[in-house]
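# the following comprises the amino acid sequence and a computationally predicted model.
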Amino acid sequence: MQLQLQPIIMMLVQVQVQVVVVVIFSLLAATIAAAPTTIAAPPIEADLKNLGCMNSCGNLSISYPFGGKKDCYHNENFLINCSVSQPYCGDVLATNISLKEGELRIIMLSIANECYDSTVAIGCQSQCSSINGVPNDGSCSGIGFYQTSILKGIGQIDFFVNSFSKHADIMDFNPCNYAFVVEDGAFNFSTTYLQDFKPMVLMVLDWGIGDKETCEEAKKNQTSYACGQNTTCYDAEDGNGYICKCSEGYEGNVYLLDGCKS
C-alpha cells in the first residue's frame, strides 16, 4: 500500500517570517511510501470471523484490507495497531477508514515547528510586528497566518524558512512558528495560537493496493489480486496502485472475495 496526501490545504501559523516553498516534482500528491511485503488474496468473510479479527478499535471501524493482527489484513502496511486502545496506522492516529473512497482520515500529533526562527507559506511572506496587527480569529489575511491550497498533481513539497530578525521584536507574543498540511475546512486560526499552539492536525490520505501496480498488471496474478467477486478495478489517478469498487447493483466490502452482494 501507498498512502498519498489528498489535494487539501496547507496552513500556517506564522509571524514576521519570510518563506519560500519549493515543489520538487508533481504526481498526484505527496506519497508516504511503504516497503513491499507479502500480499494475501481476498479472504471470505467467514474466515475473518473464525480468526477473531477485530472490527473496531476505540471509535474506529476496521474493515479488511485493514486489520489488527496477522492474517486479518491484506499486508503489514494495512495493520491497525490497537495495543494502546487507540488505533494507529504506522505512527499516525487513524479516525476513519473509507473503503468506497479509498481514504484514511488521521490526526497528526506532531508537525513542523521552529521556535525563535521559521516557518511556511507558498511563495510569499507573512509578516507583522505587533499583536495588534494580527487579524480576528478565523480570518486569514496573510498577517501572522497564511494558507493556500495544495494543487492536484503535487508530488512533494519542501519548506525553506528564514526569519527577519530571529523574532527579536515579537518574542513576547510569538516565540514559535508552525507549518502543516490539514484537511480543507478543518482548521480555524486563533490569535491564541501565536503564544500557545498544541498541534492536533486533521488530514485525509488516499490509499491504494500495490506499489505502482495497475489493474491490468494485478489481474495477471490472481493469488495476490485484491479485488473480490462482483467488483471493478480502477487504477489510482497518480499511478500508485489501484482500488476496487463493487459492480453496479452490488454493495459491500470489495476486498473480501464474497464481500459485494446484490
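Now that the structure is in, tell me what you want to look at.

# select the helix or strand of this protein having the lowest average pLDDT value.
strand 17-23 (a mean of 32; mean pLDDT, DSSP states H and E).

# for the stretch 1-150 of the chain, what are the low-confidence residue spans?
Applying pLDDT under 70 to the stretch 1-150 of the chain flags residues 1-40, 109-146.

# which stretches of the stretch 51-200 of the chain form helices?
According to DSSP state H, counting those that start in this stretch, the stretch 51-200 of the chain carries no segments that qualify as helices.

# what segments of it are strands?
56-57, 60-61, 88-89, 92-98, 103-108, 112-115, 124-126, 145-149, 157-163, 176-182 (DSSP state E, counting those that start in this stretch).

# tell me the angle the last one makes with strand 103-108.
In terms of direction (axes from the mean of the first three to the mean of the last three CA atoms, to 10 degrees), strand 176-182 departs from strand 103-108 by 170 degrees.

# could you give the mean pLDDT of strand 176-182?
Across strand 176-182, pLDDT averages out at 73.

# quick one: list the elements packing against the helix or strand just after it.
Next helix or strand after strand 176-182 toward the C-terminus (DSSP states H and E): strand 201-208. If you count contacts as 3 or more CB pairs under 8 Å, 6 or more residues apart in numbering; DSSP states H and E, strand 201-208 packs onto strand 2-5, strand 103-108, strand 176-182. (Each C-beta comes from the backbone N, C-alpha and C, glycine too.)

# go ahead and confirm residue 201 touches residue 105.
No: Residue 201 is beyond contact range of residue 105, at 11.4 Å (criterion: CB atoms under 8 Å).

# hang on, residue 257 packs against residue 228?
Yes: applying CB under 8 Å, one finds residue 257 in contact with residue 228, separated by 4.6 Å.

# max-length helix in this protein?
helix 45-50 (DSSP state H).

# which parts of that helix are buried?
45, 47-48 (16 or more other CB atoms under 10 Å).
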